[in-house]
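A.B. asks: Here's my sequence, what's the structure:
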Amino acid sequence: MTGEATRPRSRLARWLGLMAASWLLATTAVAQTVRVECKLDRDSIFEGEAVGYQVSVLDGEASEPDLSNFTEFTVAAQGSQSVNSSMIEIVNGRRRRTERVGMEYRYRLTPKRSGRLVVPAPSVVAGTTTIAGQPLDLSVVPPTDDGRTRLVLDLEPEQVYPQRPVTLRLRLFVRRPSGDSERRDPIELLGQLESPDPPQVQLPWLELETGLDAEPWREWLTKLQSRSRRSGFAINELQAAGMPLMLFDDAPRYATFDLGGRAPRADEAELLADAGGAGEWTVYQLIREFTPRRSGRYEFAPATLKGRFIERIDSRRATLAEAFARSNPVTLIVDAAPTEGRPEGYTNAIGDFSLEAKVTPTRAHVGDPLTLTLRVRGSGNLDELSPPDLAARPEFAQAFRLHPASAEMEGGTRLFTWSLRALTANVAAVPPLHYSWFDPARREFVERSTPALPLAIEEAVALDPATIVAAPSAAAPIAAQEGGWFAHPTDPTLLGNEAVDWRAIALAAGGMPVLTLGLRLVVDRSRRRRSDPRVQRRARAGARVQQRLTTLASTREGKTLARELRAALLGFVADTVDREEAALTAREAEEALRGLGVDAALATRLRAAIEEWEAQAYAPTAAGGAPSLERAQSLARELAEATARGGVRA
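C.D. replies: Numbers count the residues shown, from 1 in each chain. From the prediction side, this is the model:
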């Protein structure tokens with residue numbers, strides 16, 4: 001009996017073992033067909049730059065690439081896309097079709113040091129097998145004084161009070177080519193070549209820190225844009241209008257900017273004394289004017305210049321040489337208003353202002369509400385002004401019952417509003433309102449007062465008991481009828497008709513089949529929409545972006561965080577409108593959201609955030625402000641709510 005009982009179990013074990021072996025052989029066979037190909041968009045970059053990196057997983061299904069061994073690089077994911085293409089090759093007269101099916105994953109790698117680096121081999125898992133790609137070589141060139149370019153960054157002044165103008169100036173010195181007897185502009189000369197690459201300028205402070213007011217950087221640069229794409233400087237890899245920059249595009253598609261070009265002045269000759277003298281150089285410059293609104297210390301990281309410049313002209317032939325230069329950093333100190341000489345009740349107002357007060361109504365009874373407004377106009381930190389403390393002044397506290405003031409911006413005016421009630425009929429006016437501020441131009445405190453506002457206050461009117469007709473009972477409400485007020489209704493016509501209306505019931509019964517058919521059509525359409533991959537992608541957009549942002553909570557490196565925040569928010573828009581994430585720009589994301597009916601202000605805020613993160617992520621040094629995960633999470637929640645309300649269409 002024991003032998004008979006174990007026979008079925010033995011057959012079951014053999015069957016399970018055969019199935020496991022078959023599955024293992026099948027997965028191994030699939031894994032053996034999977035190929036991993038790696039590619040860099042350049043094999044040489046300058047220190048501080050990022051390089052495009054692509055991993056293609058072909059001829060089978062596998063996991064996403066594992067890049068955990070890329071310890072010498074900061075890795076930022078740029079999205080993925082499916083690959084399904086074919087190519088016909090002719091070898092020895094025979095045609096051969098090559099199929100490419102799989103997934104492409106794109107990244108940006110920022111090296112953490114200069115020198116000759118090896119980009120490690122990524123790995124994927126196909127079935128139970130781990131498959132590795134190939135390692136790649138990358139040269140990272142540090143900045144050197146090559147004698148061809150030089151950058152100088154300065155501030156004027158370097159220490160100010162808030163609300164005073166500051167000028168930030170970047171000067172780019174470029175040596176003229178040797179052999180050029182005509183002493184032409186080296187950048188214009190470079191633009192005459194058949195395929196010139198514009199020199200690249202990186203400005204970490206393109207987007208200024210919070211607390212510094214300036215003309216928006218796009219409007220500032222638009223005034224400098226060159227009429228010809230062949231001559232000028234490229235700035236922060238900004239794209240020419242209508243020409244999207246693809247990750248592996250060989251042709252330059254950058255917007256170019258005209259930074260002038262002049263001979264060095266006498267005061268600049270000292271900067272070039274060790275480099276052949278001022279006569280060998282041409283100076284270009286960028287000037288940015290701004291106004292600090294808050295006190296503090298503001299750091300401006302070094303700008304960089306890289307590119308190929310004409311080194312020598314010989315028999316009308318130009319010899320080009322690589323150059324990479326970095327400017328000095330500068331620091332702006334914005335002092336707070338001095339403590340000495342501050343008036344009583346000073347509320348940190350800085351600027352130059354005027355006052356206007358008003359009270360309404362001017363005639364009232366004791367205890368009636370009055371509205372007191374104070375308008376502060378002028379130039380300065382208007383949106384930070386606080387209202388004066390009227391409750392601390394005896395002339396107000398003894399004459400009025402005061403409620404806390406509200407503060408708001410109304411055009412170019414700071415508006416403070418109080419609600420107050422006169423305590424006695426002896427109140428004849430609202431006392432003068434005092435306000436003080438620090439004037440940075442005069443470097444002194446200023447205090448101004450409004451005139452007293454006349455009032456006519458009368459005693460409150462008492463209620464005449466004779467006007468009360470009757471009091472209601474506890475059980476019956478008062479009812480209004482012709483002839484007066486009564487404690488309860490006395491008209492029988494006010495009673496409701498409770499007869500059953502059979503016509504409504506018959507109409508409802510007849511409409512049930514039509515209603516059922518309509519509901520069935522709605523349910524079928526809903527099921528079809530839910531099964532649509534595009535609808536499923538949109539439905540997961542909100543959860544996916546929040547998941548991507550949650551994983552960034554421990555990210556401390558500013559550039560990495562900026563890149564990942566940008567990718568996550570662009571990914572949400574791409575999922576919502578069924579677009580490719582890697583090819584989506586900030587402007588296209590804004591336009592896509594506006595097309596869905598999302599509030600224009602929210603779409604504009606998203607674009608501004610993405611462009612700010614782009615500047616922080618791809619600058620050669622850390623940008624002025626730190627990227628904010630909380631800001632990205634807030635934007636993601638607002639966008640998810642807005643797209644849900646908008647009823648995104650397929």
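
A.B. asks: All the helices of the chain, in order from the start?
C.D. replies: Here the chain has its helices, by DSSP state H, at 2-33, 186-191, 217-222, 394-397, 502-531, 533-539, 541-550, 558-577, 586-595, 600-618, 629-646.

A.B. asks: Could you dump the ones you listed into a markdown table with mean neighbour count added?
C.D. replies: From N, CA and C alone the C-beta is placed, and that goes for glycine too. Putting the helices of the chain into a markdown table (neighbours: other CB atoms under 10 Å) gives the following:
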| stretch | mean neighbour count |
| --- | --- |
| helix 2-33 | 10 |
| helix 186-191 | 21 |
| helix 217-222 | 14 |
| helix 394-397 | 14 |
| helix 502-531 | 10 |
| helix 533-539 | 15 |
| helix 541-550 | 17 |
| helix 558-577 | 23 |
| helix 586-595 | 18 |
| helix 600-618 | 20 |
| helix 629-646 | 17 |
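
A.B. asks: Tell me which of these lies nearest to Gly232.
C.D. replies: helix 186-191 (6.8 Å; CB to CB).

A.B. asks: Please name the nearest non-neighbouring residue to Leu286.
C.D. replies: Counting by CB to CB, 6 or more residues apart in numbering, Leu286 lies nearest to Leu170, which is 4.5 Å off, once chain neighbours are set aside.

A.B. asks: ok, now which ones touch that neighbour?
C.D. replies: Counting by CB atoms under 8 Å, 6 or more residues apart in numbering, Leu170 makes contact with 151-153, 203, 285-286, 303, 327.

A.B. asks: switch the cut-off to 7 Å
C.D. replies: With contacts defined as CB atoms under 7 Å, 6 or more residues apart in numbering, the neighbours of Leu170 are 151, 153, 285-286, 303, 327.

A.B. asks: same deal with Ser386?
C.D. replies: Ser386 neighbours (CB under 7 Å, 6+ apart): Thr347.

A.B. asks: Find me the pLDDT at it, would you?
C.D. replies: Per-residue confidence (pLDDT) for Ser386: 92.

A.B. asks: With Leu639 instead?
C.D. replies: pLDDT, Leu639: 90.

A.B. asks: Apart from its chain neighbours, what residue comes closest to it?
C.D. replies: Phe572 (6.2 Å).

A.B. asks: which intervals of the stretch 351-500 of the chain have sub-threshold pLDDT?
C.D. replies: 461-500 (pLDDT under 70).

A.B. asks: Actually, the stretch 551-650 of the chain.
C.D. replies: In the predicted model of the stretch 551-650 of the chain, residues 582-583, 618-625, 645-650 satisfy pLDDT under 70.

A.B. asks: ok, how many other residues are close to Leu385?
C.D. replies: Burial measure for Leu385: 21 neighbouring residues, criterion other CB atoms under 10 Å.

A.B. asks: what's near enough to touch it?
C.D. replies: Here Leu385 is in contact with 347, 349, 376, 414 (CB under 7 Å, 6+ apart).

A.B. asks: still on that earlier bit, the contacts of Leu170, buried ones only, as a PyMOL selection?
C.D. replies: Of the contacts of Leu170, the buried ones go into a single PyMOL selection, burial set by 16 or more other CB atoms under 10 Å:
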select buried, resi 151+153+286+303+327
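
A.B. asks: what's the closest of the contacts of Leu170 to Lys112?
C.D. replies: Using CB to CB, the contacts of Leu170 come closest to Lys112 at Ala303, 20.9 Å.

A.B. asks: For Arg393, see how far away that closest one is.
C.D. replies: Here Ala303 is placed at a distance of 52 Å from Arg393 (CB to CB, to the nearest Å).

A.B. asks: hmm, back to that, reformat the contacts of Leu385 as JSON lines; add neighbour count and distance to Gly147.
C.D. replies: Listed next are those as JSON lines, based on neighbours: other CB atoms under 10 Å; distance: CB to CB, whole Å:
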{"residue": "Thr347", "neighbour count": "14", "distance to Gly147": "56"}
{"residue": "Ala349", "neighbour count": "23", "distance to Gly147": "52"}
{"residue": "Val376", "neighbour count": "22", "distance to Gly147": "56"}
{"residue": "Arg414", "neighbour count": "23", "distance to Gly147": "55"}
